[in-house]
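S.K.: Provide a 3D model corresponding to the input given below.
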Amino acid sequence: MSAVELNADLAELKSHLEKAERPRVKNVLNFEIRKIEVELLKFNKEDTNSTEAQPKTKPVVPQVAKNYEVKLQNYAWDQSDNLVKLFVTLPGVQNLPQDQIQATAGGRSIELRVSGLENKDYVLHINNLLEPIGECSSKIKKDMVVVSMKKRSMGSHWSHITEVEKRAADAKASKTKMDLPDSSDPTAGLMGMMKQMYEDGDDDMKRMIAKAWTEGRGKSQDMGPDFNL
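M.R.: Predicted structure coming up:
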């Protein structure tokens, strides 16, 4: 029996009690009223315990998608008398607000950070720029961000973006110059070519050149002491 039904019975019994005149009838009605009241107390206690036993519902905290960082390595660049520009390709970047794209200059370094592009944070960081720079700015184009860096030495020409790249290029050029054959020696060109073929060739090529060299020594000893295989 539900609490609603018990309360209805209790109300009806109390109504009869008010109309009853004989003591025996009143005693019976009072007994039934107390009985129902006890049942109601028991029912309410069980309902309270059941409510307290229910686990408290924790507030649902919405999960925010976490962006992960992507290091950028590729870019194109160009320059004018006053500026050096970096061109970074990022499909869909034009859909981002400007405040999610930040370019920061620091002496001889530059950092571009593009936040929240398809749940990714893209970062381009370049240290050891060829020359110090001043202020920088970024501009959004279709599928591209253009970073403009102001040269401190106006009118200077940058051969490379970083000093490391320039040193590597200078070292390669120096080695190439040293490897050029002496034009005064008519056999120098051939010797240089064979040396290069030997160094770059596979095992079969090296054996073939070594064999030709050994056979050649039997005919002539004038090929020079520099060709050591």
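S.K.: distance of the residue nearest to residue 71 when sequence neighbours are not counted relative to residue 113?
M.R.: Nearest residue to residue 71, sequence neighbours excluded (CB to CB, 6 or more residues apart in numbering): residue 123, at 5.9 Å. Every residue, glycine included, has its C-beta placed from N, CA and C. Distance, residue 123 to residue 113, by CB to CB, to the nearest Å: 5 Å.
S.K.: kindly report the same for residue 93.
M.R.: Residue 93 is 12 Å from residue 113, by CB to CB.
S.K.: ok, now residue 42?
M.R.: For residue 42, the distance to residue 113 equals 67 Å [CB to CB].
S.K.: those two - which one has more neighbours?
M.R.: Taking other CB atoms under 10 Å, residue 42 and residue 113 do not tie; residue 113 has more neighbours (17 against 10).
S.K.: secondary structure element holding that one?
M.R.: strand 110-114 (DSSP states H and E).
S.K.: packing partners of the helix or strand just after that strand?
M.R.: Beyond strand 110-114 in the direction of the C-terminus, DSSP H and E gives the next helix or strand as strand 120-126. With contacts taken as 3 or more CB pairs under 8 Å, 6 or more residues apart in numbering; DSSP states H and E, strand 120-126 sits against strand 68-71, strand 110-114.
S.K.: among these, which comes closest to residue 84?
M.R.: Residue 84 sits nearest to strand 110-114 of all the helices and strands packed on strand 120-126, at 9.1 Å, using CB to CB.
S.K.: partner strands of the closest one and their direction?
M.R.: Here strand 110-114 is paired, per DSSP bridges, with strand 101-105 (antiparallel), strand 120-126 (antiparallel).
S.K.: name the element residue 197 belongs to?
M.R.: helix 188-200.
S.K.: quick one: buried residues of the helix ranked longest in the chain?
M.R.: If you go by DSSP state H, the chain has its longest helix at helix 23-53. For helix 23-53, the neighbour count (16 or more other CB atoms under 10 Å) marks 29, 32-33, 36 as buried.
S.K.: for stretch 87-94, same thing?
M.R.: Within stretch 87-94, the residues scored as buried using 16+ other CB under 10 Å are 88, 90, 93.
S.K.: okay, how far is it across that stretch, tip to tip?
M.R.: One end of stretch 87-94 sits 14 Å from the other (CA to CA, to the nearest Å).
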